[in-house]
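Student: Here is my input; please provide its structure:
(one chain, ligands or ions: 1)
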Amino acid sequence: MVMELATSYVFDAAHRIAGHPGKCAWLHGHTYRLEVTVSSATLNPLGMVMDFDDLRDVVRKAVLDLWDHATLLAANDPLGAAISAVQHEAPDRVVLLPGPPTAEVLTREAWERLERQLPTGVTLERVAIRETPACGSAPSRHAT
Ligand SMILES: [Zn+2]
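Tutor: Below is the predicted model:
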């Protein structure tokens with residue numbers, strides 16, 4: 001029997017969707033909720049898919065340490081260089097992404113980063129990112 005382990009985390013970040021026709025074009029922030037579910041067909045000797053603390057460490061290193069209290073921007077957004085110029089003491093707090101920092105792109109990035117860092121035998125089942133309690137993104141099972 002495959003068992004799942006579901007966890008959620010909160011981080012704060014700024015972003016903007018450059019070129020958006022509405023208010024999302026302006027730099028603003030969210031308290032994001034990151035939901036991560038992993039699974040395993042076998043339990044470890046302590047009867048766990050993996051220890052919650054170990055999963056939290058993976059999520060912290062893979063995502064939270066990078067994105068919490070950072071400004072998340074598309075790599076081609078000129079605002080990245082402008083913020084880095086005035087916030088030069090913390091260059092890692094401007095994170096440039098391969099696409100617009102939508103919930104969808106953040107979910108994809110988080111998925112790729114988490115999948116690489118999970119221990120052998122533990123499968124990443126679900127990653128979801130909510131910008132607000134009402135709006136978020138998660139990959140569809142039909143996605144390829
Ligand atoms: Zn937003």
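
Student: And the strands in the chain?
Tutor: 3-15, 28-40, 70-74, 94-97, 123-132, 135-137 (DSSP state E).

Student: Tell me which residues touch Val59, please.
Tutor: Thr7, Tyr9, Leu34, Val36, Leu114 (Cβ atoms under 8 Å, 6 or more residues apart in numbering). The way it works is simple: take the backbone N, C-alpha and C, and place the C-beta from them, glycine included.

Student: And for His69?
Tutor: Phe11, Asp12, Ala13, Arg93.

Student: Pick out whichever of the residues you listed sits closest to Thr102.
Tutor: Ala13 (12.6 Å; Cβ to Cβ).

Student: Flag the shaky bits of this structure, pLDDT-wise.
Tutor: 142-144 (pLDDT under 70).

Student: could you give the angle of the helix ranked longest in it to strand 70-74?
Tutor: When the chain is scanned for its longest helix (criterion: DSSP state H), the result is helix 103-117. Helix 103-117 and strand 70-74 are oriented at 110 degrees to each other (axes from the mean of the first three to the mean of the last three Cα atoms, to 10 degrees).

Student: tell me the angle of helix 103-117 relative to strand 3-15?
Tutor: Going by the same axes, to 10 degrees, helix 103-117 is angled at 130 degrees with respect to strand 3-15.

Student: Locate the residue of the chain with the greatest distance from its centre.
Tutor: Centroid-distance maximum for the chain: Pro45 at 29.9 Å, with Cα atoms, centre = their mean.

Student: So it versus Asp51, what's the distance?
Tutor: Relative to Asp51, Pro45 is positioned 11 Å away (Cβ to Cβ, to the nearest Å).

Student: mind listing what the nearest residue to Pro98 once chain neighbours are set aside touches?
Tutor: In space, and not counting its chain neighbours, Pro98 is closest to Ala75: 6.2 Å by Cβ to Cβ, 6 or more residues apart in numbering. Each residue near Ala75 by Cβ under 8 Å, 6+ apart is listed here: Leu96, Leu97, Pro98.
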